[in-house]
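[1] this one's structure only:
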């Protein structure tokens, strides 16, 4: 990555956040002038040299370009609806350009993740404005064409403008509810990088890294809250296993088969420290409980050393605080490891009528795996088939297809004997 690309990635969100505030929450105009400022930098810096304070240079340049646009709009195109916007931009250009990163980032994060926006729009807008991903990169992450993604982003920005969504940090009384939505979006970004829902690859490293960066930013911006700490712990502990989750061919490697000597021990230590800190300061919150489960996996030197009874207890606590079909599925899988496959299958039987799980490939894959371990190969086949039909990610499909072929081979061998 070149120095200019590094600055673009690291400073783009801060500059955009400042311009959105300057321009009264106008995402579209702010993004356009920031792009123009970076284009000017790309043209001028190679000969003039990179400024000592690139962010301040970019903010000033973008502010002047915004003023030029607003003046042209008022003079040549149409009367400016809000003359205060131009006045605010001109005043900002005259003021000190050093950004108030804390406030600007918080405004940007909470606006991108506003509950009035559809979840997919929240994620796309977060990736675009906070992570600096291009429209093409976001489109690839969600397997849609760039035109569709561009339209989705435009609609999100228009919704913010038309609905007059305030570009502010919520009042303290509303912060907890809104923070939950922000953390959910950050975790969804991470999850898409950790285990892509579709596409040719299982791991999207760029998305995971950006989500962890955002989580750490929230830690710094909201130090009085424990859930950002817990979320970062959870992401770090999962990400520590990244390099062992697929083999050289890009095929999926189960947790029990991963080479634990290749796990990132520094990241595990950092994650475990955060788990303890989050539990001390905030108690057994949903993210803290999930992070504690991840810590137990990370601390086991061998798969057989995993403290499954403790994991069952943690999932039991999580069921009390944040029950969901996926949490129930994970609880059943943990019970199967602690108390045996039959115990796990009994819990899964109670979930067969849960509508959300009937289109969730991991549900059928989990049940099939338990049946396989019990050597009930004939019973496992329909679940592997259903999981394969529902899977959208190619490595996941290949894994399920191999297991299905194995089951059919076992059945054939049994018939031959």
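    Sure, I can see it. This is a predicted model, so every value here is computed, not measured. Numbering: from 1, shown residues only.
[2] tell me where the stretch 1-150 of the chain is predicted with low confidence.
    Residue ranges of the stretch 1-150 of the chain with pLDDT under 70: 1, 73-102, 140-143.
[3] switch the cut-off to 80
    Counting by pLDDT under 80, the stretch 1-150 of the chain has low-confidence residues at 1-2, 5-6, 9-10, 24-25, 70-106, 130-134, 136-144.
[4] pull up the gap between residue 333 and residue 173, please.
    38 Å (CB to CB, to the nearest Å). For every residue, glycine as well, the C-beta is placed using N, CA and C.
[5] could you do residue 377 as well?
    Per CB to CB, residue 377 is found 57 Å from residue 173.
[6] between residue 333 and residue 173, who's got more neighbours?
    residue 333 (22 against 7; other CB atoms under 10 Å).
[7] centroid-nearest residue for the chain?
    Ranked by distance to the mean C-alpha position of the chain (CA atoms, centre = their mean), the top residue is residue 189 at 1.6 Å.
[8] let me see the contact set for that residue.
    The contact partners of residue 189, by CB atoms under 8 Å, 6 or more residues apart in numbering, come to 123, 126, 127, 131, 207, 210, 211, 214.
[9] from the chain's centre, how far out does the helix or strand where it lies sit?
    Assigned by DSSP states H and E, residue 189 falls within helix 172-194. Distance, stretch centre to chain centre, for helix 172-194: 9 Å (CA atoms, centre = their mean, to the nearest Å).
[10] same question, stretch 244-260
    So, by CA atoms, centre = their mean, the centroid of stretch 244-260 is 21 Å from its chain's centroid.
[11] what of stretch 234-252?
    16 Å.
[12] and if you look at stretch 376-395?
    With CA atoms, centre = their mean, you get 27 Å for stretch 376-395.
[13] then stretch 171-185?
    Stretch 171-185 sits 16 Å away from the centroid of its parent chain (CA atoms, centre = their mean).
[14] list the buried residues of it.
    Residues of stretch 171-185 classed as buried: 175, 178, 179, 181, 182, 183, 184, 185 (neighbour count, 16 or more other CB atoms under 10 Å).
[15] ok, residues contacting it?
    With CB under 8 Å, 6+ apart as the test, stretch 171-185 has contacts from 109-110, 112-115, 119, 122-123, 126, 169-170, 218, 222, 225, 227-228, 231, 287.
[16] and for stretch 348-364?
    Contacts of stretch 348-364 (CB under 8 Å, 6+ apart): 325-326, 328-329, 332, 366-367, 370, 383-384, 386-388, 390-392, 396, 400.
[17] residue 157 and residue 121: what is the separation?
    9 Å.
[18] next one: residue 209
    Distance, residue 209 to residue 121, by CB to CB: 22 Å.
[19] ok, those two, which is more surrounded?
    Ranked by neighbour count (other CB under 10 Å), residue 209 and residue 121 place residue 121 first, with 20 against 16.
[20] residues contacting the more buried one?
    So residue 121 contacts 152, 153, 155, 156, 159 (CB under 8 Å, 6+ apart).
[21] next secondary structure after the host helix or strand of it?
    Residue 121 belongs to helix 119-129 when assigned by DSSP H and E. Later in the chain than helix 119-129, the nearest helix or strand by DSSP H and E is helix 135-141.
[22] distance from that next one to the middle of the chain?
    When C-alpha coordinates are averaged (CA atoms, centre = their mean), helix 135-141 and its chain have centres 14 Å apart.
[23] turn the buried residues of stretch 171-185 into TSV, columns for distance to residue 29 and pLDDT.
    What follows is the buried residues of stretch 171-185, written out as TSV (distance: CB to CB, whole Å; pLDDT from 0 to 100):
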residue	distance to residue 29	pLDDT
175	28	75
178	25	78
179	28	86
181	25	82
182	24	86
183	29	89
184	28	85
185	24	82
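[24] which of these sits closest to residue 32?
    Within the buried residues of stretch 171-185, proximity to residue 32 (CB to CB) peaks at residue 185, which comes in at 23.9 Å.
[25] how close does the closest one sit to residue 10?
    Distance of residue 185 to residue 10, computed by CB to CB: 21 Å.
[26] surely residue 154 meets residue 28?
    Yes. With contact defined as CB atoms under 8 Å, residue 154 reaches residue 28; the gap is 7.5 Å.
[27] ok, the two, which is more surrounded?
    Neighbours were counted for residue 154 and for residue 28 using other CB under 10 Å; residue 28 has more, 15 against 12.
[28] where does the more buried one land in three-state SS?
    At residue 28, secondary structure determined by DSSP: H, G, I helix; E, B strand; the rest coil is helix.
[29] contact partners for it?
    Going by CB under 8 Å, 6+ apart, residue 28 touches 154, 157, 158, 161.
[30] where along the stretch 301-417 of the chain do the strands fall?
    For the stretch 301-417 of the chain, strands defined by DSSP state E, counting those that start in this stretch do not occur.
[31] good, wrapping up.
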